Structure formats: C-alpha cells, structure tokens
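*Asks:* sequence unknown, structure follows:
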C-alpha cells in the first residue's frame, strides 16, 4: 500500500495540510508497517479524483484524509481503533469533516488567496515538487479552488486580478486609459496607488480570516483535549497539521502565526513540538519515499495516464 502526497523526497509540502496530516498519522500509528509507505509524488494525474492525498492498495484507490484513515483503520486495526466505540467514531468523523469544511479554508486562504504569500512563496514552491512544464497549472487550479472556498465564507482575495471590479481601482485604470501618453513617473504613481489599495484590502481580509479562525478554533477546542498526554487521534492530527501549516515561520505574511502564538500560546507550543517530532521521525525513517519512474509527475507520464483514462 502507498499513499501519494504533495512533496519531494522526504519533504512534505507545507502548504498542503492533508498531506502533512496523513504522513503524521502513519508515523503515529503505522510506523512499524513496512508494507505501507508515503510517496511524495505530487502527482495528481495518477489520482482518480485528480487530488492528493490518495491511497493505492492494489486496484483500490481511496481519496482524502478521512477516507484513507477509515480504510486503514478497517484494514489494519490498531489498539486505539479497536477500543473505539460508535459514539467516539461519530465524534471523530464529525470533527474531521468540520476541519475539512471550515479550518481548511483558513489554510487555503493563507497560502493561495493571500496575495503576498501566494506570489512570494506558494507559487514558487511548485518548482520544487514538479518538473517543467508541469509546475504551472497546479498552483492556478488550487488557487481557483481556494478563492471559491474563501469567497463562500466571505473572504475576499485582495489581489490585483480579483479587484478589477473594485470601484476605486477601476477609476484609476480608467484614468490611465483616458490619457493617451503617460510618463513613466505617472504610471508608477498610479501603480503605487493600486498597490496601496490592495495592501489595505489584504489587511482587512486578514482580519476577517482571523475572526473566522477564532470562531472555528473555539468550536474545535471544545472537543479536543489539548492537555492530554495520550497519542493524538486522527482528527487531532489533522487539526494540528492545519495549525502548523497556517503558522509556518517562512511565510512572507505571518499574520496567522502572530495570531495563534499570541492568542493561543499553549496550542502553538504543542503544535510546534509535535511537528518537530514528526519531521525528525520522517527524516530518519524509511516511511517516506520518492516516486518511482511510473509515478513521476512528468509530462510523458501525464500523457500516458490521460491516454489510459480514454481506453
């Protein structure tokens, strides 16, 4: 069995919390299993749903963190899953769905909708995971999906492309069109005004994002016991993977890191500790491997996989 995720070699993509979570889940519950591996293929073309993560077990394909967890729990029961009752299973399932439907939007906004993070960090990361020319389409597709998810909860992009209908920016662009000959200085001044407006709107969107995050966190932490020393459950792993992703220190705009570390210091500390432990175990183990030739996300394999879908 193998689980394909976003990443390269033993580096799980920080922008994709589900990939992080499923790798952490394997470390916690199935580190002893030599027949189950994480593959950092970043290859959506071999996924039946076109998304990651997905599990492949012979001819069986399972997509998404929760579905993969449930499949593994049935096929390879652990002591924890064996002791679970119907009520606890319902709570786990409900919490994972809440995280996927709500908290994941915050992660998508942070990496794919926030203008500064997308343009200066996320978009460039795809060249580390995908070869030329495959690194261009996935960030656009993921960003489109993220924008739709963000808009569905009232978060706006704060990007130049999304602001064409903004009255203030539209007025500036009309001003540019109305003057046939413009000096470079005047063009620069207009561009600066547009950037200032987008920066302000981005700051407002960040505040909206923090407000939503606080709403979601208050609900999740009513169910999750952050003070427990027991091994984390699947839902807790998914939750902490999202928090770790959102608070990544190398993001240009670390607004979520500032918010979480200031407002929820115990959660922030616990997540950082878990992430450090997981990274150490992943780097020093054989749990994670690079894609084999047929799994490589190159152009030739993409064409071959597309051809196979037509047969």
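*Replies:* All right, it came through fine. What you are looking at is a predicted structure, and each value in this text was computed from that prediction instead of being measured.

*Asks:* quick one, helices of the stretch 51-200 of the chain?
*Replies:* Taking DSSP state H, counting those that start in this stretch as the test, the helices found in the stretch 51-200 of the chain are 65-75, 79-83, 86-98, 104-108, 115-117, 123-129, 137-152, 167-178, 184-220.

*Asks:* Those: lowest mean pLDDT?
*Replies:* With a mean of 56, helix 167-178 has the lowest mean pLDDT of the helices of the stretch 51-200 of the chain.

*Asks:* Provide the count of other residues in contact range of residue 39.
*Replies:* Counted by other Cβ atoms under 10 Å, the residues lying close to residue 39 total 20. C-beta: built from backbone N, CA, C; applies to glycine.

*Asks:* What backbone torsions are found at it?
*Replies:* Torsion angles at residue 39 (phi, psi; degrees, to the nearest 10) stand at phi -110, psi 120.

*Asks:* so what does the host helix or strand of residue 23 touch, helix or strand wise?
*Replies:* Assigned by DSSP states H and E, residue 23 falls within helix 17-29. Applying 3 or more Cβ pairs under 8 Å, 6 or more residues apart in numbering; DSSP states H and E, we find helix 17-29 packed against strand 2-4, strand 11-12, strand 37-39, helix 65-75, helix 104-108, helix 234-246, helix 265-283.

*Asks:* quick one: average confidence on that helix?
*Replies:* For helix 17-29, mean pLDDT is 96.

*Asks:* picking up where we left off before, can you tell which of the helices and strands packed on helix 17-29 is closest to residue 125?
*Replies:* Counting by Cβ to Cβ, residue 125 lies closest to strand 11-12 out of the helices and strands packed on helix 17-29; the figure is 10.1 Å.

*Asks:* Please compute how far the closest one lies from its chain's middle.
*Replies:* With Cα atoms, centre = their mean, to the nearest Å as the basis, strand 11-12 stands 12 Å off its chain's centre.

*Asks:* got the contact list for that strand?
*Replies:* 5, 6, 19, 20, 23, 38, 40, 128, 282, 288 (Cβ atoms under 8 Å, 6 or more residues apart in numbering).

*Asks:* likewise stretch 15-27?
*Replies:* With Cβ under 8 Å, 6+ apart as the test, stretch 15-27 has contacts from 3, 5-7, 12-14, 33, 36, 38, 52-53, 64-65, 68-69, 104, 107, 111-112, 122, 125, 234, 237-238, 240-242, 244-245, 274, 278, 281-282, 285, 287-288.

*Asks:* before we move on, what about stretch 131-149?
*Replies:* If you take Cβ under 8 Å, 6+ apart as the criterion, stretch 131-149 is touched by 42, 44, 104-105, 108-109, 111-113, 118, 122-123, 126-127, 129-130, 157, 162, 296-299, 302.

*Asks:* Buried subset of these as a ChimeraX selection?
*Replies:* Here is the ChimeraX command that selects the buried residues among the contacts of stretch 131-149 (16 or more other Cβ atoms under 10 Å):
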select :42,44,104,105,108,109,111,112,113,118,122,123,126,129,130,157,162,296,297,298,302
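
*Asks:* can you tell me how far the nearest residue to residue 238 once chain neighbours are set aside sits from residue 72?
*Replies:* Closest residue in space to residue 238, ignoring its immediate chain neighbours: residue 21 at 4.5 Å, by Cβ to Cβ, 6 or more residues apart in numbering. Per Cβ to Cβ, to the nearest Å, residue 21 is found 13 Å from residue 72.

*Asks:* And for residue 26?
*Replies:* Applying Cβ to Cβ, one obtains 8 Å for the distance of residue 26 from residue 72.

*Asks:* Which residues are in contact with each of the two?
*Replies:* Common neighbours of residue 26 and residue 72, using Cβ under 8 Å, 6+ apart, are residue 36.
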